[in-house]
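Trainee: structure for the following, please:
(one chain, ligands or ions: 1)
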Amino acid sequence: MKKLVIIVTITALFVSCNEVVKSQEKDDTNTGVIEEVAQEVPPKPEETEVWEPVRAIVNPNGQKGAPSDAIVLFDGSNLDQWITARDSTAAQWSLNGDGSMTVKDKTGDIQTKQSFGSVQMHIEWRSSPENTAKGQARSNSGVYLQNRYEIQVLNNNDNPTYVNGQAASIYKQSPPLVQALVPTGEWNSYDIIYHEPAFNENGEKTKSATITLLHNGVLVQDHFSIQGTSEYIGLPKNDAHGPAPIKLQDHSDNSGVSYRNIWIREL
Ligand code: MG
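Mentor: Okay, here's the model as predicted:
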C-alpha cells in the first residue's frame, strides 16, 4: 500500500511538471504571436523616402551636346584650354574646320591648362584611313588621366597587336573586355568614369585609381583598379600626386588621329 502511494505521488509530480513546461511553452508562443502581430503593421511608403537635399538640375544637352554643368575642353572652335605638355607653350595641333583637331606630328603631347581629380569625361576620336602602318604604329595616340594613366587610342581594325596595348586598353595593364571599334575613319567615343588614387602622408598609395570605360557605348573597362603609371617598359610606378591635367598623346609617328567633342565633369 505504501509503495502504491509513492508511485502515485511520483506519477502526479511528473504530470504536473510536464504541464508546467507546456504552460511555459504556450506562454512563450503567446508572447511570440503578440510580437508578430505588432510587426505586421504595414510600414508607410513615406518612411523610406528621402526628399533633401534637392538635386541640382543638369541639362544633358546644355551646351553643344555637353551637359550644362560640364567643362567643355574642346568644341572645335579653338585650343584655348590646351598647352604643349613639354614646355607649356600654346598647343600646336591642327585645328580643322569640321569641329575637330588633329595631332600635328612631333609637336608633342598636349594637356589641359586645368588640373583634375576624379572625373566623368567624354571624348571622341578618329583614326586616319591614310595611316596603314602595322601594330602600334597605326594611329597611335592616347588619353592620359591625371597626366599618367593612359587609355590607349589605336586603330586595331585588321591590325593585331598585344591586347593590353590595343584600343581602349589601360596601356600595358588591362585589355578591353571586347574590341568595339567603328570602321576606320569613323568617329569613336570614349565615356570615362575615373576615380583618382589616394596616398598617405608618407606618399604611399592607400587606394588605387579606378576606371570604367564605355567605348562607343560598350562596356570595355569595368571598374578596373589602375596599378600605377602607364609605362612602355617596366612596371607601373606609384609616386604620390594630386590633381593633374588630362593629356593627349602625340606618338610621333604621323598618327593622323583627330579628336572632337571633349568635355569633363568633376566628381
Ligand atoms: Mg598610345
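
Trainee: close to the ion, is stretch 187-205?
Mentor: No. Shown here: stretch 187-205 not in contact with the ion (C-beta under 5 Å from the ion), separated by at least 12.9 Å. For glycine as for every other residue, the C-beta is placed from the backbone atoms N, C-alpha and C.

Trainee: give me the mean pLDDT for that stretch.
Mentor: Taken as a whole, stretch 187-205 has a mean pLDDT of 98.

Trainee: thinking S127 is in contact with R138, fair?
Mentor: Yes. Between S127 and R138 there is a contact under C-beta atoms under 8 Å: 7.2 Å.

Trainee: those two: who's more crowded?
Mentor: The residue with more neighbours, out of S127 and R138, is S127; 29 against 22, by other C-beta atoms under 10 Å.

Trainee: measure the more buried one to the ion for me?
Mentor: Going from S127 to the ion by C-beta to the ion, to the nearest Å gives 12 Å.

Trainee: can you check S189 too?
Mentor: According to C-beta to the ion, S189 and the ion sit 17 Å apart.

Trainee: what's the overlap in contacts for S127 and R138?
Mentor: Common neighbours of S127 and R138, counting by C-beta atoms under 8 Å, 6 or more residues apart in numbering, are 154-155.

Trainee: excluding sequence neighbours, find me the nearest residue to the residue most central in space within the chain.
Mentor: Nearest residue to the geometric centre of the chain (C-alpha atoms, centre = their mean): T212, 2.9 Å. Once flanking residues are discounted, T212 sits nearest to I193: 4.3 Å by C-beta to C-beta, 6 or more residues apart in numbering.

Trainee: right, and the helix or strand after the helix or strand where that neighbour lies?
Mentor: Assigned by DSSP states H and E, I193 falls within strand 188-195. Downstream of strand 188-195, the first helix or strand assigned by DSSP H and E is strand 198-199.

Trainee: and that next one, which strands flank it?
Mentor: strand 205-207 (antiparallel) (DSSP bridges).

Trainee: where does the residue of the stretch 101-250 of the chain found nearest the ion land in three-state SS?
Mentor: Of all residues in the stretch 101-250 of the chain, the one sitting closest to the ion is G142 (3.3 Å; C-beta to the ion). For G142, the assignment made with DSSP: H, G, I helix; E, B strand; the rest coil gives strand.
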